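Enquirer: got a structure for you, letters missing:
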Ligand code: G3H
Ligand code: 13P
Ligand code: ZN
């Protein structure tokens, strides 16, 4: 069932976070759908501009519509990840995306406000939600002076002002995470204190954590043992932090790198162990199964595990009508 991020955030706020995963292929979509049904958890499917170029806008929409038909028990929202203004308008007009992210965080504050405000007006006219970003998400390096380090984090006062001026529906905050596999070089971790300050200024407002892959050491080691050449110092966000983040208003947690690591490990190990094979469906099937298990584990860490019935009941109540029954009912 395709729902909006706003509906999911209403149920999740303060109690659990919803995993937002990037997709590029049919195998990822099937793994996500099966994994989330097994976990009995809702999910957010994210589509980046790169994914739209890679697979094609129409292909991605049809893959998701097909998955919805094949696995009707799944509850998901479709979201544009890190969009520019033009792509946001394209997604808003498509009628398929329930929310878009306008990423103008690299612009000065006033320009970010102006761009975000324009997108919010166009989106809200069509019932689409808008995620915006304030503060500069990036690597937090140990050799950066403390002042500079904090200058990159989201300022709580500015964040509240930004939300008031733009009317956006959720906000991606910079609290020490960054994209990719190399987030921390030493003992740094998330700035939970900063998150608490942001929530104090924006009570009840959904916050988003980007760059939240865990980059498990064991996964990196297995990839390298199967011929990969990843920097063994690769380090991500300890998934145990999610339980500290969702009580502080984080309702959406973005994960992409970890999904790529599962894919890379499965395929490298498969072709190392079966050099005679050229049927790509064999490693693809292993990937889908492993990816489903990975999703079940992430859902436990995010706290979304086991909340599907409750989400369906809340949606049903809000819509005042009965939702489609599970296939076995
Ligand atoms: O934050 C970006 C996501 O990891 C998507 O990556 O732009 O390479 O599709 P991508
Ligand atoms: P990771 O690189 O940590 O998976 O972050 C993904 C992300 O934030 C997508 O928007
Ligand atoms: Zn991101």
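Expert: Now that the structure is in, tell me what you want to look at. In this text the structure is predicted, and so the values were computed from the model without any measurement. Ligands and ions are numbered 1, 2, ... in the order given.
Enquirer: and the stretch 201-329 of the chain, which residues reach ligand 3?
Expert: Contact residues, the stretch 201-329 of the chain versus ligand 3 (C-beta under 5 Å from the ion): 210, 254. Every C-beta, even on glycine, is put in place using the N, C-alpha and C of the backbone.
Enquirer: Do you have the helices of the stretch 201-329 of the chain handy? List them.
Expert: Using DSSP state H, counting those that start in this stretch, the helices found in the stretch 201-329 of the chain span residues 217-225, 242-245, 257-273, 281-302, 308-319.
Enquirer: Would you convert the ones you listed into a markdown table that also reports distance to ligand 1 and mean neighbour count?
Expert: Formatted as a markdown table, the helices of the stretch 201-329 of the chain follow (distance: least, C-beta to the nearest ligand atom, whole Å; neighbours: other C-beta atoms under 10 Å):
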| stretch | distance to ligand 1 | mean neighbour count |
| --- | --- | --- |
| helix 217-225 | 16 | 16 |
| helix 242-245 | 18 | 18 |
| helix 257-273 | 7 | 19 |
| helix 281-302 | 15 | 19 |
| helix 308-319 | 25 | 15 |
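Enquirer: can you list the ones you listed in JSON lines and add mean pLDDT and distance to residue 184?
Expert: Shown next, in JSON lines, are those (pLDDT from 0 to 100; distance: least, C-beta to C-beta, whole Å):
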{"stretch": "helix 217-225", "mean pLDDT": "98", "distance to residue 184": "12"}
{"stretch": "helix 242-245", "mean pLDDT": "97", "distance to residue 184": "16"}
{"stretch": "helix 257-273", "mean pLDDT": "98", "distance to residue 184": "13"}
{"stretch": "helix 281-302", "mean pLDDT": "98", "distance to residue 184": "18"}
{"stretch": "helix 308-319", "mean pLDDT": "92", "distance to residue 184": "33"}
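Enquirer: Any figure for the gap between residue 243 and ligand 2?
Expert: Going from residue 243 to ligand 2 by C-beta to the nearest ligand atom, to the nearest Å gives 18 Å.
Enquirer: Please disregard the earlier target; I meant residue 112.
Expert: With C-beta to the nearest ligand atom as the criterion, residue 112 and ligand 2 are 17 Å apart.
Enquirer: Is it correct that that residue is in contact with residue 104?
Expert: Yes - counting by C-beta atoms under 8 Å, residue 104 is a contact partner of residue 112 at 4.4 Å.
Enquirer: Overlap in contacts, those two.
Expert: Taking C-beta atoms under 8 Å, 6 or more residues apart in numbering as the criterion, residue 112 and residue 104 both touch 132-133.
Enquirer: which residue does the stretch 151-300 of the chain bring closest to ligand 1?
Expert: residue 256 (3.4 Å; C-beta to the nearest ligand atom).
Enquirer: Setting aside sequence neighbours, what's the nearest residue to the residue of the stretch 151-300 of the chain found nearest ligand 3?
Expert: At 3.4 Å from ligand 3, residue 210 is the closest residue in the stretch 151-300 of the chain, using C-beta to the ion. Distance criterion C-beta to C-beta, 6 or more residues apart in numbering; nearest residue to residue 210, sequence neighbours excluded, is residue 254 at 4.6 Å.
Enquirer: Please produce a markdown table containing the helices of the stretch 201-329 of the chain, extended by distance to residue 12.
Expert: Shown next, in a markdown table, are those (distance: least, C-beta to C-beta, whole Å):
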| stretch | distance to residue 12 |
| --- | --- |
| helix 217-225 | 27 |
| helix 242-245 | 12 |
| helix 257-273 | 20 |
| helix 281-302 | 9 |
| helix 308-319 | 8 |
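Enquirer: For the stretch 51-200 of the chain, which segments are assigned as helices?
Expert: With DSSP H, counting those that start in this stretch as the criterion, the stretch 51-200 of the chain has helices spanning 57-70, 85-94, 109-124, 146-151, 156-166, 192-201.
Enquirer: nearest to residue 86, of the helices of the stretch 201-329 of the chain?
Expert: helix 257-273 (26.3 Å; C-beta to C-beta).
Enquirer: mind checking how far that closest one is from the chain centre?
Expert: 21 Å (C-alpha atoms, centre = their mean, to the nearest Å).
Enquirer: contact partners of that helix?
Expert: Outside helix 257-273, the residues touching it (C-beta under 8 Å, 6+ apart) are 21-22, 28, 179-181, 213-216, 219-220, 222-223, 226-228, 236, 277, 282-283, 286-287, 290-291, 294, 298.
Enquirer: ok, the nearest residue in space to residue 215 that is not next to it in sequence - contacts?
Expert: Spatial nearest neighbour of residue 215, excluding adjacent residues (C-beta to C-beta, 6+ apart): residue 236 at 3.2 Å. If you count contacts by C-beta under 8 Å, 6+ apart, residue 236 has them with 181, 183-184, 212-216, 257-258.
Enquirer: How about the backbone phi and psi for residue 236?
Expert: phi -130, psi -160 (degrees, to the nearest 10).
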